[in-house]
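Enquirer: Whatever this is, show me its structure:
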Amino acid sequence: MRLKQLITYFVLAYSISWLIWLPLYGHIWGLNNLPILPFHHALGGLGPLIASFLTTWIYNKQEGIKHLLAKCFRLKPLIYLLVALLSPFLLALVAMVINYAVYNIPIDFSTILTSREFPEFNLGTFFMYNLVFFGFGEEAGWRGFALPRLQEKYSGLASAIILTVFWALWHWPLFFYRPGYTSMDAGGIFGWVLSLLTGSVLLSWLYNSSRGSILICAVFHSTIDIVFTADFANKNIINYMGALITIWGILTIIIFKPRNLSANKSESDGI
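Expert: A predicted model of the protein is given here:
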């Protein structure tokens, strides 16, 4: 039954997102006249969320929906909410300090608050944009639905690795239209997959440690997106942040161990 649920979820998540994104990458098949909506890319980010609720309704009906909604608004333990909210900005600050120490480039805190993609957004607006479309949009599916079902058979680390494969594949259309993806070479793709793996490990740890809070995962996903798309004048800062978060992911594995990474899975499996 769990395998059927996972297959249904992944098929729906891919189908919904890829269909929404079709006007953005349809040119590869000669589909050049499909309508493109405002924030069209962001709308595709809702695919995993929609898929998680549809699959939950198919297999678990109203009781499953109530449980999934409860996880979407689970605030406690507050310490993990603070980690999710503040740690990416701390990483950015440390990266800027390293950049200053190496290149003597002054630290400009305002660069963290500005988006390259949406310079007209303030920090609050950009946070809400990321929280809705990519925080809840993705995490209600990847961590909220798929992760606990994978952890019924595999350890937390193994589940995070397996989920990375499906998470990476979901991004496939972006390589045909999204700036930053279209220019990736083999080395860039390898680094990108490694960053997804690190994110998957940290998000799995946050999910399990918070007893299944989708909200905390959504906040962390949002703040990570904010700092990695901030308008830093010096690109070395992005590289330092990538190295720092990779070290954090490795330390999480070492400290919590592959089995203990999912120590609280009994709290988060739900229906």
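Enquirer: Okay, and residue 197 sits in which element?
Expert: In this assignment (DSSP states H and E), residue 197 forms part of helix 186-209.
Enquirer: Low-confidence stretches in the protein?
Expert: 1, 233-234, 258-271 (pLDDT under 70).
Enquirer: At which residues are the helices of it located?
Expert: Listed in chain order, the helices of the chain (DSSP state H) span residues 2-25, 40-44, 47-72, 78-103, 123-130, 137-141, 147-150, 156-170, 186-209, 214-228, 236-256, 265-268.
Enquirer: Could I get those helices in CSV, plus columns for mean neighbour count and distance to residue 178?
Expert: No exception for glycine: its C-beta is placed from N, CA and C like everyone else's. Shown next, in CSV, are the helices of the chain (neighbours: other Cβ atoms under 10 Å; distance: least, Cβ to Cβ, whole Å):
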stretch, mean neighbour count, distance to residue 178
helix 2-25, 17, 8
helix 40-44, 18, 7
helix 47-72, 18, 15
helix 78-103, 17, 21
helix 123-130, 17, 15
helix 137-141, 27, 15
helix 147-150, 23, 25
helix 156-170, 20, 13
helix 186-209, 19, 12
helix 214-228, 24, 13
helix 236-256, 16, 17
helix 265-268, 17, 32
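Enquirer: how about CSV for those, with distance to residue 110 added?
Expert: Shown next, in CSV, are these (distance: least, Cβ to Cβ, whole Å):
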stretch, distance to residue 110
helix 2-25, 31
helix 40-44, 24
helix 47-72, 32
helix 78-103, 11
helix 123-130, 10
helix 137-141, 28
helix 147-150, 36
helix 156-170, 32
helix 186-209, 25
helix 214-228, 13
helix 236-256, 13
helix 265-268, 38
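Enquirer: list the helices and strands the helix holding residue 197 packs on?
Expert: helix 78-103, helix 156-170, helix 214-228, helix 236-256, helix 265-268 (3 or more Cβ pairs under 8 Å, 6 or more residues apart in numbering; DSSP states H and E).
Enquirer: ok, now with 10 Å
Expert: helix 78-103, helix 137-141, helix 147-150, helix 156-170, helix 214-228, helix 236-256, helix 265-268 (3 or more Cβ pairs under 10 Å, 6 or more residues apart in numbering; DSSP states H and E).
Enquirer: Of the ones you listed, which is nearest residue 52?
Expert: helix 137-141 (4.2 Å; Cβ to Cβ).
Enquirer: before we move on, the earlier item: the helix holding residue 197: how far from the chain's middle?
Expert: 9 Å (Cα atoms, centre = their mean, to the nearest Å).
Enquirer: between that helix and helix 236-256, how many degrees?
Expert: In terms of direction (axes from the mean of the first three to the mean of the last three Cα atoms, to 10 degrees), helix 186-209 departs from helix 236-256 by 50 degrees.
Enquirer: Could you check the angle helix 186-209 makes with helix 47-72?
Expert: Going by the same axes, to 10 degrees, helix 186-209 makes 20 degrees with helix 47-72.
Enquirer: check contacts around residue 241.
Expert: 88, 91-96, 98, 224, 227-228, 230, 232 (Cβ atoms under 10 Å, 6 or more residues apart in numbering).
Enquirer: ok, those vs residue 212, which is closest?
Expert: Nearest member of those to residue 212, counting by Cβ to Cβ, is residue 224, at 19.7 Å.
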